[in-house]
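Engineer: Need coordinates for the following:
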Amino acid sequence: MTETSLVGPTLADFEGARTIVSRAADVTPMETARFMSEILGSPVFLKCENLQRTGSYKIRGAYNRLAGLSPEEKARGVVAASAGNHAQGVAFAARELGIKATIFMPVGVPQPKLAATRGYGADVVLRGTTVEEPLRAAAEFAEKTGAVLIPPFDHIDVVTGQGTVALEILDQVNDVDTVLVPIGGGGLISGVASVMKQRAALEGRTVRIIGVQASNAAPYPLSLQNGYITEIKTLPTIADGINVARPGVLNFAMIRELVDEVITVDDDLIARAMLLLLERGKLVVEPAGAVGIAAILSGQVKDVGRTVVILSGGNIDPMMMERVISHGLAASERYLKLRIPLPDRPGQLARIAALVAEANANVVEVLHTRHNEGMQFSQVELELHIETRGPEHAQEVLNRLRDEGYEPRVDF
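Structural biologist: Prediction:
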C-alpha cells in the first residue's frame, strides 16, 4: 500500500493541513486510562478532543475548509447547518478568518450550544425541529445568497482537517495498535483511518481502526454490508452528535477501504461510559464522544493491543448531563428504582426503610400510592429510589427484601 493508492488525501495533504489547523486548534492531551486498561486487558489512552477549542474536534475540519476558500468566496460568506459542534466549529473558524457566517440550527437546540455559536459571532437562524430542516434551509440560503455551504463531513478539506487528530496521536503514542473512533457521517474516522493506514504502510506494520456508532443511528454497518450507501430511519439517541441517517459519499468510500470494523453501542452503555469518564477520568465528555469507551464496556473490542480512544467532544447541556448521570447510575445498578406491593396497614413503610438501611443502602426518594392499576383493594404500592454501590450490592438489597417476604420489582 502506498499513500497515493488510497482514496482521499495523501500524508503530505494531512501535514499541510496540520500547519493550517494549528493556527486555530490546540494540540489536545493524551491521557493514560488505567481504569480502562484494567477492563480491556491492554493499555488504553484517551485522546481528549473534548478539551479542544469549541469543545470538539470539529474546529479542525471547519478551519481547514474555510482557510482554503478563495478571497472571492470568503467575501460571499459561509453558511452551515448543525445542532451543535459543527456550528461552533464553523462560527469560530469564520471569526478567526474574518468571514461572515450564518448558521441554521433546530429550534430547541441546547442553550449552551446556541449561546456559544452566537458568542463566536455567527448569525444564528433557528429553523425546524430536526437537523434535516436546518440542512435544507442552509442549502436554500446558499443558493439564494451565494454563501459557501460548509458541510459537516462530506468534503475533502473537512476530512483532511479532521485527520490532523491522527498525526497528533502518532506523535503521542507512536506504537499504537488500535484506534477507536466515533462515527456520525464519517468525517473524523475517514481522516484518522487514512493517516493511520498510510503511516503504518510506510513503517511496515499494521494499525487497526474500529468505528463506533450509536445503535439507534447506525447507517454504516448496513451500508458496508450492502456495499453501497444506505439511508436508514434513525431513532432517538442520547448521542445526538452522531445521529446521522446517511453516510457521506467521500466518507463511505474511504471507510469501506480503510476501516477494519464498525460496531454499535446502545444508550445505556453510552451513559455508563460517560459516568465512568466523569468519575474515574475526571473528564466531561458528551454522549457522542464517549462511544469508544462504551464499545470497550460492551465486550466487543478484544485483542487490540495498545489502544487509543478518541473522545471527540465535550459539549453537553448541564440538564442533559444530569439526566445522563442518573441514567448511567441506573445502568450500572447503582441506582435502583423499585416497586413493592404492600398490605395497606400501618408500619409497612418503616419496615421497608429499615430493611434497606440494614443492607447499607440509601433511600433517596419515596412514592406511596393506593391508585396504581392492577392493585388489590387491600394493597398499596411503594416506589423506592435507592442508591447502591453496584450490581452485587443491588442484589443484596433485593435479596434482603425477598427474604422478608416482599416482592420488589426493578423498574427501568
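Engineer: what about residue 116, which SS state?
Structural biologist: Three-state assignment for residue 116 (DSSP: H, G, I helix; E, B strand; the rest coil): helix.
Engineer: Surely it touches residue 54?
Structural biologist: Yes: assessed by C-beta atoms under 8 Å, residue 116 is found in contact with residue 54 at 7.3 Å. Bear in mind the C-beta positions are built from the backbone N, C-alpha and C, glycine included.
Engineer: Identify the contacts common to these two.
Structural biologist: Shared contacts of residue 116 and residue 54 (C-beta atoms under 8 Å, 6 or more residues apart in numbering): 88, 315.
Engineer: Between those two, which is the more surrounded one?
Structural biologist: Between residue 116 and residue 54, counted using other C-beta atoms under 10 Å, residue 54 has the larger neighbour count: 28 against 20.
Engineer: So what does the nearest residue to residue 389 once chain neighbours are set aside have for phi and psi?
Structural biologist: Spatial nearest neighbour of residue 389, chain neighbours left out: residue 334 (6.7 Å); criterion: C-beta to C-beta, 6 or more residues apart in numbering. Dihedral pair for residue 334: phi -100, psi 0, per degrees, to the nearest 10.
Engineer: tell me the contacts of residue 334?
Structural biologist: Residue 334 makes contact with 387, 388, 389, 390, 394, according to C-beta under 8 Å, 6+ apart.
Engineer: among those residues, which two are most distant?
Structural biologist: Within these, 387 and 390 form the most distant pair, 10.6 Å apart (C-beta to C-beta).
Engineer: So for those two, which sits in the more crowded spot?
Structural biologist: Legend: neighbour count by other C-beta under 10 Å for residue 387 and residue 390, higher for residue 387 (14 against 10).
Engineer: ok, back up a step: relative to residue 388, how far out is the residue nearest to residue 389?
Structural biologist: Distance, residue 334 to residue 388, by C-beta to C-beta, to the nearest Å: 5 Å.
Engineer: Also residue 98?
Structural biologist: Residue 98 sits 55 Å away from residue 388, going by C-beta to C-beta.
Engineer: before we move on, what about residue 369?
Structural biologist: According to C-beta to C-beta, residue 369 and residue 388 sit 23 Å apart.
Engineer: Which one's more surrounded, those two?
Structural biologist: More crowded of residue 369 and residue 388, by other C-beta under 10 Å: residue 388, with 23 against 11.
Engineer: Once you drop chain neighbours, what's closest to the more buried one?
Structural biologist: Using C-beta to C-beta, 6+ apart and skipping the chain neighbours, the partner closest in space to residue 388 is residue 394 (4.4 Å).
Engineer: now the helices for the stretch 101-250 of the chain?
Structural biologist: Using DSSP state H, counting those that start in this stretch, the helices of the stretch 101-250 of the chain run over 111-119, 132-145, 156-162, 164-172, 187-203, 219-226, 249-258.
Engineer: can you put those helices in CSV and add mean pLDDT?
Structural biologist: Putting those into CSV (pLDDT from 0 to 100) gives the following:
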stretch, mean pLDDT
helix 111-119, 91
helix 132-145, 92
helix 156-162, 98
helix 164-172, 98
helix 187-203, 97
helix 219-226, 96
helix 249-258, 96
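Engineer: if you look at the contacts of residue 334, which of them are in strands?
Structural biologist: Judged by DSSP state E, these include residue 387 as members of strands.
Engineer: Just put the contacts of residue 334 in CSV and tack on distance to residue 120 and pLDDT.
Structural biologist: Shown next, in CSV, are the contacts of residue 334 (distance: C-beta to C-beta, whole Å; pLDDT from 0 to 100):
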residue, distance to residue 120, pLDDT
387, 40, 86
388, 43, 87
389, 43, 85
390, 42, 83
394, 45, 87
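Engineer: Need the contacts of residue 334 in CSV (columns: distance to residue 307).
Structural biologist: Formatted as CSV, the contacts of residue 334 follow (distance: C-beta to C-beta, whole Å):
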residue, distance to residue 307
387, 32
388, 30
389, 28
390, 25
394, 30
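Engineer: Low-confidence stretches in the chain?
Structural biologist: In the predicted model of the chain, residues 1-7, 370-378, 412 satisfy pLDDT under 70.
Engineer: Could you rerun that using 80?
Structural biologist: Residue ranges of the chain with pLDDT under 80: 1-7, 129-132, 326-333, 344, 368-379, 411-412.
Engineer: Tell me which residue lies nearest the centroid of the chain.
Structural biologist: In the chain, the C-alpha closest to the average C-alpha coordinate belongs to residue 288, at a distance of 0.7 Å (C-alpha atoms, centre = their mean).
Engineer: thinking that residue is in contact with residue 217, fair?
Structural biologist: No: applying C-beta under 8 Å, one finds residue 288 not in contact with residue 217, separated by 9.7 Å.
Engineer: Which neighbours do these two have in common?
Structural biologist: By C-beta under 8 Å, 6+ apart, the residues touching both residue 288 and residue 217 are 184, 239, 242.
Engineer: got a list of what the second one touches?
Structural biologist: The reference is to residue 239. Residue 239 sits next to 182, 214, 217, 267, 270, 287, 288, 291 when contact means C-beta under 8 Å, 6+ apart.
Engineer: roughly how far apart are it and residue 206?
Structural biologist: With C-beta to C-beta as the criterion, residue 239 and residue 206 are 29 Å apart.
Engineer: what's the answer for residue 92, then?
Structural biologist: The gap separating residue 92 from residue 206 is 36 Å, by C-beta to C-beta.
Engineer: Could you check which of those two is surrounded by more residues?
Structural biologist: The neighbour comparison of residue 92 against residue 206 (other C-beta under 10 Å) goes to residue 92, with 27 against 13.
Engineer: what kind of secondary structure is that one in?
Structural biologist: Three-state assignment for residue 92 (three-state DSSP): helix.
Engineer: That one against residue 52, yeah?
Structural biologist: No: in this structure, residue 92 is not within contact of residue 52 by C-beta under 8 Å, at 10.4 Å.
Engineer: and for those two, which residues touch both?
Structural biologist: residue 59.
Engineer: excluding its backbone neighbours, what's nearest residue 31?
Structural biologist: Per C-beta to C-beta, 6+ apart, closest to residue 31 is residue 46, 4.5 Å.
Engineer: residue boundaries of the strands in the stretch 301-412 of the chain?
Structural biologist: Counting by DSSP state E, counting those that start in this stretch, the stretch 301-412 of the chain has strands at residues 307-311, 335-343, 362-369, 379-387, 409-410.
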